[in-house]
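Q: Any chance you can model this:
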Amino acid sequence: MISFVIPAHNEQPLIEQTITAIRDSANQLALPHEIIVVNDASTDDTAKVAEASGARVINVAHRQIAATRNAGARIASGRILFFIDADTVINAEAVQAALEVLRGRAVGGGCIFTLDGVLPTWARFMYPIAVFLSRRLNLVGGCCLFCQREAFDAIGGFNENYYAAEEAAFIQSLKQIGRFEIPEPTVVTSGRKLRAFSSWKILSIAYRWLIRGPKTFQQREGLDIWYGPRSYEP
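A: Model (predicted):
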């Protein structure tokens, strides 16, 4: 059994395509699977759309991505866990490559992502640099992560001290107990944050992280890129 865990807050416009892509990928590969949507204090119809799309929905009120992911993992039945963001579309090639990584005795991994929609000029310039650094540093964003259940339990899941960048701490913990790999196939995630916020806003947060380290993300204040109102601009 493979468990796909989707944390979601006010993702009504996007959650159906995310679930459909997971289901189609798993069915194409003939994989026994379950899809769990962790509905975190949504005020829209995220839960209703997710249930209608065939996912199991649990409701929480954490408003913290790490705790929300962990809540889904706790009820998951699979020996392999995938954590897929609610604005991310995966594919069978990426899932197959992830499973091959795990069969090769890696404890976990993650997929590089491409971004949908029209991106600002600065983002188009930075993207290939970010991809190069990601593969060079063996570090990915959190929109598509996967791991062995035993490895997840061994590290205690996602660190709930962080309101953002929890995937970096998660990956670092996995690396301490085994091999972390990034397969070649990519997934598609939303570029909405790059369209909704200025380069100055995004780069200033990155600068704070470089200066202060993980402490930057130990409180929700100032992290409206992640915790502010959702944007669905084209």
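
Q: Contacts only, for the spatially most central residue of the chain.
A: Centroid check for the chain by CA atoms, centre = their mean gives C143 as the closest residue, at 2.5 Å. Neighbouring residues of C143 by CB atoms under 8 Å, 6 or more residues apart in numbering: 84-85, 87-88, 111, 113, 187, 189. Where C-beta positions appear, they are placed from N, C-alpha and C, glycine not excepted.

Q: ditto for L174
A: Taking CB under 8 Å, 6+ apart, we find L174 in contact with 107-108, 147, 151, 155, 180.

Q: try N138
A: By CB under 8 Å, 6+ apart, the contact set of N138 is 175, 180-182.

Q: Now the buried members of those residues.
A: In terms of neighbour count (16 or more other CB atoms under 10 Å), the buried residues within the contacts of N138 are 180-182.

Q: Closest to E93 out of the residues you listed?
A: Taking CB to CB as the measure, E93 lies nearest I182 of the buried ones among the contacts of N138, at 14.0 Å.

Q: Go ahead and confirm the closest one touches I112.
A: Yes. Contact criterion CB atoms under 8 Å: I182 and I112 qualify, at 6.3 Å.

Q: what touches both of these two?
A: Counting by CB under 8 Å, 6+ apart, the shared contacts of I182 and I112 are 134-135, 140.

Q: And those, which of them are buried?
A: 134, 140.

Q: low-scoring stretches of this protein, by residue?
A: For the chain, the stretches with pLDDT under 70 are 210, 213-214, 230-234.
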